[in-house]
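Student: output the structure for:
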Amino acid sequence: MSRASRSRGGTSFLEFTLVGIPMIFALISTFEVGRGMWNYHAMGYAVAEGTRYASVHGVNCMLPNSCTVTVAQITQKILDAGIGLPASSLTLKFISTGGTITCLATNCLLNNSAWPSAPSNAVGSNIEIDATYPFQSAIAMFWPGAGPAVSAATVNFPASSRERIQF
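Tutor: As a prediction, this is how the structure comes out:
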């Protein structure tokens with residue numbers, strides 16, 4: 001090996017350090033932003049689907065013996081539509097003129113009370129479902145100067161949907 005090639009032996013390592021590490025950070029950041037966008041969109045869609053489902057199950061519903069829906073049934077619709085949303089961290093708030101019910105989705109699945117209850121289930125009554133999902137991102141672990149005890153940062157994603165009882 002010539003003297004000139006031996007003197008440039010560390011340049012590959014230096015080039016990787018200066019270019020490779022920021023590129024790895026950019027790649028991880030891209031995946032994390034994409035994951036966050038997926039969760040945010042999925043939650044908004046799921047809450048809208050749950051509200052639509054509840055809005056067609058009012059007092060004048062035409063289905064025999066099954067017009068009323070429960071908090072558990074609506075929550076299951078939300079979880080079915082929200083692919084990838086963990087029920088253990090999704091907080092739901094059911095709002096009608098008859099009151100508000102707030103619970104984690106896992107607890108909402110056990111709530112068999114009718115929602116919206118009479119007289120809040122009359123045609124034209126407003127109902128609303130709000131949701132909050134704490135999204136944890138791994139990007140914070142790579143923040144310069146964060147230190148060794150840094151865990152994933154949490155950002156609360158909100159979603160809300162309002163409908164009128166249709167029938």
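
Student: please count neighbours and contacts with C-alpha atoms only from this point.
Tutor: OK.

Student: the worst-scoring helix or strand of the chain on mean pLDDT: what's the following helix or strand?
Tutor: Within the chain, judged by mean pLDDT, DSSP states H and E, the helix or strand with the poorest mean is helix 3-7; its value is a mean of 58. Toward the C-terminus, helix 3-7 is succeeded by helix 11-15 as the next helix or strand (DSSP states H and E).

Student: what residues of the following helix or strand past that next one count as buried?
Tutor: For helix 11-15, the following helix or strand on the C-terminal side (DSSP H and E) is helix 21-55. Neighbour-count burial for helix 21-55 flags 29, 32, 36, 39-40, 42-55 (criterion: 16 or more other Cα atoms under 10 Å).

Student: show me what helix 21-55 is packed up against.
Tutor: Under the contact criterion of 3 or more Cα pairs under 8 Å, 6 or more residues apart in numbering; DSSP states H and E, helix 21-55 touches helix 71-81, strand 126-137, strand 153-164.

Student: got the contact list for the last one?
Tutor: To tie it back to what came earlier, the one meant is strand 153-164. By Cα atoms under 8 Å, 6 or more residues apart in numbering, the surrounding residues in contact with strand 153-164 are 40, 43-44, 47-48, 51-52, 55, 123-141.

Student: just the buried ones from those, in ChimeraX syntax?
Tutor: A single ChimeraX command is used to select the members of the contacts of strand 153-164 judged buried by 16+ other Cα under 10 Å:
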select :40,43,44,47,48,51,52,55,123,125,126,127,128,129,130,131,132,133,135,137,138,139,141
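
Student: excluding its backbone neighbours, what's nearest residue 53?
Tutor: Spatial nearest neighbour of residue 53, chain neighbours left out: residue 74 (7.1 Å); criterion: Cα to Cα, 6 or more residues apart in numbering.
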